[in-house]
Each structure stands twice: as structure tokens, then as C-alpha cells.
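Student: give me a model of this one.
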Amino acid sequence: MSLYNAFRNALEEGSPIDNEDWSYIRPLLKLRHYKKGEYIIREGEVEDYLSVVAVGCVRHFIVKGEEEISHEFAFEDEFSNSYASFLSRTPSRLYIEAMEDVSLVSIHYDSLQKLYEESDRGERIGRLTTENYYIYREERELMLLTMNPEELYLDLISHYPVYVNRIPQKYLASYLHVKPESLSRIKRRIYGNK
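Tutor: Take a look at the predicted model:
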């Protein structure tokens, strides 16, 4: 299966893509590859690409003082970019780092604008994709506001086990807004002393 299908899979979360639409979108895409530990974007850079992870995992984070605070992770068939920077054409406030060797399927900002201008269907796909992303973001923000770290961890175990299996504990702890030792205590309470 082609790595480019990751982009189609991510788009189809918002709306089915027929073969005619895909044949127009596909030539606008490019593959980008990063080694584990490489930055895809750094704070202060303008995001030029809307990307989907085809292989690997990426971490979105901010730096506050000397601390890195994980904001989001993206895995296969999920969007990953500094979306506010991409849309507003302003410097990113995020870092995005390859947590594993990563392949991204990306569309450049200019190509996406061309797609929107030339195709009502392209604009509709973009709108539905954006709407789905905002639903996800609001749900995540409400969880952070209403659940304690142990409840958040239990939710990850049940709904997103990939987080627990592929993300190092120090990054997972910052994502849950706790220290690594607090996450260790949460895990001991949940799993016992096995």
C-alpha cells in the first residue's frame, strides 16, 4: 500500500474521498522523511505544510522555562502540523519532533490554497476536515479541564493504548500534566505492584 494513502485515510475521517477527487489531490502531495529526534518544525518557524503521519510518531510540545510540555502526539493516518501557524502564516509557537523515524505525507500551503480555489469539493473536504479537528481539540481540552491525571491515564489505556505503548513515560507524564514519578504512582495504583 502506498504511503500516500495515509493522507487519504486522514481526510476520510471528515468525508469520503472518491477516486476523482483523490486523483486531483494526490499529485499535490509530497513525502518527507525524518529520523528519530529530528525537528519537523521549531518554535518561531512558519509552518508551510499540512501533513499526515504515514509511518512513525511525532510529538508536539512547547518549552516553558527549561521544561518541555507535550501538547499532542500524532501516529499513522493522523494530521500533524502547527495548524495555527499554517493557517495564519505566522511563526509557530510549537516544536514538532519525530519520536521515531517518521514519514509524512504533506501538502504545501500554496497547493492547498490552489485546491480550494479550483475545486468546490476540495474546499468542502477542507472544511469537514477542519471541523473534525476542532471537535477533537475541544474534547481534549474539556478532558484536561474535567478529569484528574489518573482518569486521563485510564482514558488513554481504554481509548488510545498506542500512547501508552509507544510514548516514553517522561513525555506521557508531561502530556497528562504530571511529573514522571507521579505517573509511576498512578500506574502502580492501576496495575498494582506487578
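Student: ranges for the strands of this structure?
Tutor: Ranges of strands in the chain, per DSSP state E, are 29-34, 39-41, 49-55, 58-64, 67-74, 95-98, 102-108.
Student: who wins for proximity to residue 80 among those?
Tutor: Across those, residue 80 has its closest neighbour in strand 67-74 (3.7 Å, CB to CB). All C-beta atoms are positioned from the backbone trio N, CA, C, and that covers glycine.
Student: which elements pack onto the lowest-mean-pLDDT helix or strand in the chain?
Tutor: Ranked by mean pLDDT, DSSP states H and E, the weakest helix or strand in the chain is helix 120-146, scoring a mean of 82. Where contact means 3 or more CB pairs under 8 Å, 6 or more residues apart in numbering; DSSP states H and E, helix 120-146 is packed against helix 5-11, helix 19-25, helix 109-118, helix 149-159.
Student: show me what counts as buried in that helix.
Tutor: Using 16 or more other CB atoms under 10 Å as the test for burial, helix 120-146 gives 121-122, 125-126, 128-129, 132.
Student: what do you get for stretch 177-192?
Tutor: Residues of stretch 177-192 classed as buried: 178, 183, 186-187 (neighbour count, 16+ other CB under 10 Å).
Student: so which of those residues belong to helices?
Tutor: 183, 186-187 (DSSP state H).
Student: reformat the buried residues of stretch 177-192 as a markdown table; add distance to residue 108 and pLDDT.
Tutor: Listed next are the buried residues of stretch 177-192 as a markdown table, based on distance: CB to CB, whole Å; pLDDT from 0 to 100:
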| residue | distance to residue 108 | pLDDT |
| --- | --- | --- |
| 178 | 38 | 91 |
| 183 | 38 | 91 |
| 186 | 42 | 91 |
| 187 | 42 | 89 |
